[in-house]
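Enquirer: My questions concern the predicted model and sequence given below.
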Amino acid sequence: MGVKIVETSLRDGHQSLFATRMTTDEVLSVAKEIDEAGFYALEVWGGATFDSCIRFLNEDPWERLRKVRAVCKHTKLQMLFRGQNILGYRHYSDDVVDMFVKKSIENGIDIIRVFDALNDIRNLKQAVISTKKYGGHCQIALSYTTSPVHTVEYYVELAKQVEELGADSLCIKDMAGVLTPQNAYELISKLKKNTKLPIELHSHCTGGICELTYMKAIEAGCDIIDCGLSPLSNGTAQPSTQAFNCVLKGTKYDPKLNDEMLNNASEILTKIKDKYLANGKLNPKSLSVNPNILKYQVPGGMLSNLMSQLKEQGAMDKYEDVLKEVPNVRKDLGYPPLVTPLSQMVGTQAVLNVITGERYKMVPKEIRDYLHGKYGKAPAPVDEKVLHKIIGDDEVITCRPADLLAPEFEALKEKYKDIARCDEDVLSLALFEQYATEFLKKKYNPEPVKEDKVEVEEFNVILGGN
Ligand code: CO
């Protein structure tokens, strides 16, 4: 059987290249062609797509999902789900996680890819249980990073736990694009030996090595790879779908995609891409190779966030110092993988450490929460001195963070009863209260005069790399 391909242009492609700004109409304009190309699955939904719909596009993300579902009759639809954070940035109670999974599947999702920034299995548990309960395919994604604790053995051990938890497949999620071909070969080989789960690889081209990494992963037995149609591939996004369809054609790995449909879809996407190039949302810089991500082991999105934070402070001369401080902060914090929300937290702390001239003189609330154990267990022990300096003798949570949260869905429903007209609305409000309130007010009480909305650049800061 050939290698399966998951098409990412409608989620990660435009998220990585032009801040997730594709509209529902644009998505729908290409959905039929993609649906008929023979993909294993189509990634269409996730935190940034949801957020961007409400915050910038004045669109209902649930409606987008239903419309895509109505067009895509042959292909499974996939979403990215941040474990106990759902699509937001804090831990939600189990009943909210359950309701979100239920509604996602009801509205058209087939495969839910669940990950936790810290790879704390306890933060994945409820999403797995709920996905199975509502008949979805549950894929667990392990956040890939490099550190003294993130060895092949560490991932193999986690993979065994993932299988035991009841996942249907496993993904290695290399959000920064730092997985090298030789490491991929070793990692995938050992995962294939130690679990029965189908293995998928998700990576990014930012560092210029991704295609090589995918090839070695395929040779090691990788079952599924994430690619994007050529107009929305490469640069900070995934490798090109057509490239892999072409290279693997006629081999035992042949993904057997329909070339004509790939071409038709690409023609449509090229026009969309040109629009974002012209309006400046797609910075040509995102399309070139950035070897710094391999050197500093940080996601491309995080590099640009650091730059914008430093520009704001008028401290661009400190860029190199901050980049050098990132690995130090990571080490102090027990080597968290740099993925949302940890990439933003570690980046901000590194900036503060450099700019104030004293390490941990200023510490954001999120870092304090992390040190209190509110995000789950750090991959390695946190530096004792740093811990003491920041939280003193405070108690640190060692249980699953969500165990401390009482059910909250009914309370949220009551709280939003004047704005929400369905459970989907309640969930949108629960995740993005401010923007969802504004959006739903406009949706249900449209005003004749359209106000101009000023876009806030904090969006990039929030996104990081996924
Ligand atoms: Co990604």
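Expert: All right, it came through fine.

Enquirer: Which helix or which strand is home to residue 182?
Expert: helix 181-194 (DSSP states H and E).

Enquirer: Report the buried residues of that helix.
Expert: Buried positions in helix 181-194, judged by neighbour count with 16 or more other CB atoms under 10 Å: 181, 183, 184, 185, 187, 188, 189, 190, 191, 192. C-beta coordinates here come from the backbone N, C-alpha and C atoms, glycine included.

Enquirer: again with stretch 196-210
Expert: In terms of neighbour count (16+ other CB under 10 Å), stretch 196-210 has its buried residues at 197-210.

Enquirer: gap between the two ends of that stretch?
Expert: End-to-end span of stretch 196-210 (CA to CA, to the nearest Å): 25 Å.

Enquirer: now stretch 81-92
Expert: 13 Å.

Enquirer: tell me which of the buried residues of stretch 196-210 is nearest to residue 10?
Expert: When the buried residues of stretch 196-210 are ranked by distance to residue 10 (CB to CB), residue 202 comes first, at 14.7 Å.

Enquirer: what's near enough to touch that closest one?
Expert: Residue 202 is in contact with 8, 12, 141, 171, 172, 173, 174, 175, 226, 238, counting by CB atoms under 8 Å, 6 or more residues apart in numbering.

Enquirer: now swap in residue 10 and tell me
Expert: When contacts are counted by CB under 8 Å, 6+ apart, residue 10 is found next to 22, 27, 30, 31, 34, 42, 43, 44, 68.

Enquirer: Look up which helix or strand the last one falls in, please.
Expert: If I follow you right, that is residue 68. Assigned by DSSP H and E, residue 68 falls within helix 61-71.

Enquirer: which residues touch that helix?
Expert: 10, 24, 27-28, 31-32, 35, 42, 44-45, 49-50, 53-54, 77, 103-104, 107-109, 424, 428.

Enquirer: Which ones among those residues map onto strands?
Expert: If you go by DSSP state E, these have 42, 44, 45, 77 in strands.

Enquirer: Any chance of a markdown table for the residues you listed, columns neighbour count?
Expert: Below are these laid out as a markdown table (neighbours: other CB atoms under 10 Å):
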| residue | neighbour count |
| --- | --- |
| 42 | 25 |
| 44 | 26 |
| 45 | 27 |
| 77 | 22 |
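
Enquirer: circling back to that earlier point, just give me the closest of the contacts of residue 10 to residue 363.
Expert: Among these, residue 43 lies closest to residue 363 (CB to CB), at 35.3 Å.

Enquirer: residues contacting the closest one?
Expert: Residue 43 touches 6, 7, 8, 10, 11, 12, 78, 79, 80, 113, 226, counting by CB under 8 Å, 6+ apart.

Enquirer: follow-up on the earlier one: select, from the buried residues of stretch 196-210, the two members most distant in space.
Expert: Distance extremes for these: the farthest pair is 197 and 208 at 29.6 Å, using CB to CB.

Enquirer: quick revisit: filter the ones in strands among the contacts of helix 61-71 down to the ones near the ion?
Expert: Contacts with the ion within the ones in strands among the contacts of helix 61-71, counted by CB under 5 Å from the ion: none were found.

Enquirer: Report all helices and strands that the helix holding residue 182 contacts.
Expert: Under the contact criterion of 3 or more CB pairs under 8 Å, 6 or more residues apart in numbering; DSSP states H and E, helix 181-194 touches helix 152-165, strand 169-173, strand 199-202, helix 210-219.

Enquirer: Give me the angle between the first one and strand 169-173.
Expert: Yep, that's helix 152-165 we're talking about. Relative orientation of helix 152-165 versus strand 169-173 (axes from the mean of the first three to the mean of the last three CA atoms, to 10 degrees): 150 degrees.

Enquirer: quick one: contacts of helix 152-165?
Expert: 119, 121, 124-125, 128, 140, 142, 144, 170, 172, 183, 186-187, 190-191, 194-197, 379.

Enquirer: tell me the contacts of the residue of the chain found nearest the ion?
Expert: Closest to the ion within the chain is residue 12: 4.3 Å, counting by CB to the ion. By CB under 8 Å, 6+ apart, residue 12 lies in contact with 43, 46, 202, 226, 228, 237, 238, 466.

Enquirer: Please apply the same query to residue 187.
Expert: 152, 155, 172, 179, 220.

Enquirer: Now for those: which two are most distant?
Expert: Farthest pair in these, by CB to CB: 155 and 220, 13.2 Å.

Enquirer: that older thread, please flag which of the contacts of residue 43 sit within strands.
Expert: 6, 7, 78, 79, 80, 113, 226.

Enquirer: Between those residues, identify the one with the most neighbours.
Expert: Most neighbours among those, by other CB atoms under 10 Å: residue 7, with 30 neighbours.

Enquirer: Grab the nearest non-local neighbour of that one.
Expert: What sits nearest to residue 7 in space, not counting adjacent residues and going by CB to CB, 6 or more residues apart in numbering, is residue 39, at 4.6 Å.

Enquirer: now do residue 268
Expert: residue 30 (4.4 Å).

Enquirer: How many neighbouring residues does that neighbour have?
Expert: Neighbours of residue 30 (other CB under 10 Å): 24.
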